[in-house]
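Predicted model follows, preceded by the sequence.
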Amino acid sequence: MTQRRDFLKTLLAAGALALVPIKAFAAIWNAPAFQSIKLQEAMAAMQISNVSLSSDIQIIAPDKAENGAVVQIEVTSRILNTESIAIFVENNPTALIANFEFSEGAEGFVVTRIKMAETSDVIAVIRSGNRYFSAKKRVEVLENGCG
């Protein structure tokens, strides 16, 4: 009876794991990028190169963040066929903050809250096809949030 119960538990656990979407494991796939301390290392780990500045990217963030522990960031991409939006903060313990992947036809728009260790540029990098575009916004942090 114990063997049967153990078998059923294992079977149910395996079935539940199979129901988890593949994209839920994306952080494991991109671990080197999310663990990189320097901006250039994080971008290299994500295979981002030849980034062009674009006025078709809008970053809405506070000029001054009262508390770096909670900074709301909004990124809108008006670039056709936006496939992903990556958010970087150069002066953070880890440079890559988030990476959002979009299905075909999805609007290139995200709102998230991030932690910022100190005053820095928030950089949004958009991928469209094999091209990368970026924009940045300076956010002054008045109280440390990554302590």
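Happy to help now that I have it.

remind me which residues of the chain are low pLDDT?
Applying pLDDT under 70 to the chain picks out residues 1-30, 144-147.

Strands along that one, start to end?
All strands of the chain, identified by DSSP state E, fall at 51-53, 57-60, 64-65, 71-77, 84-89, 96-101, 109-114, 120-128, 131-141.

which residue sits closest to the spatially most central residue of the chain in space, ignoring its chain neighbours?
Among the residues of the chain, the one closest to the centroid is Ala98, at 1.2 Å (Cα atoms, centre = their mean). Of all residues not flanking Ala98 in the chain, Ile87 sits nearest, at 4.7 Å (Cβ to Cβ, 6 or more residues apart in numbering). Every C-beta, even on glycine, is put in place using the N, C-alpha and C of the backbone.

and the one you found, how far is that from Phe34?
Look at Ile87 and Phe34: by Cβ to Cβ, to the nearest Å, they are 12 Å apart.

What of Ala44?
On the measure of Cβ to Cβ, Ala44 and Phe34 end up 13 Å apart.

Those two - which one has more neighbours?
Phe34 (19 against 14; other Cβ atoms under 10 Å).
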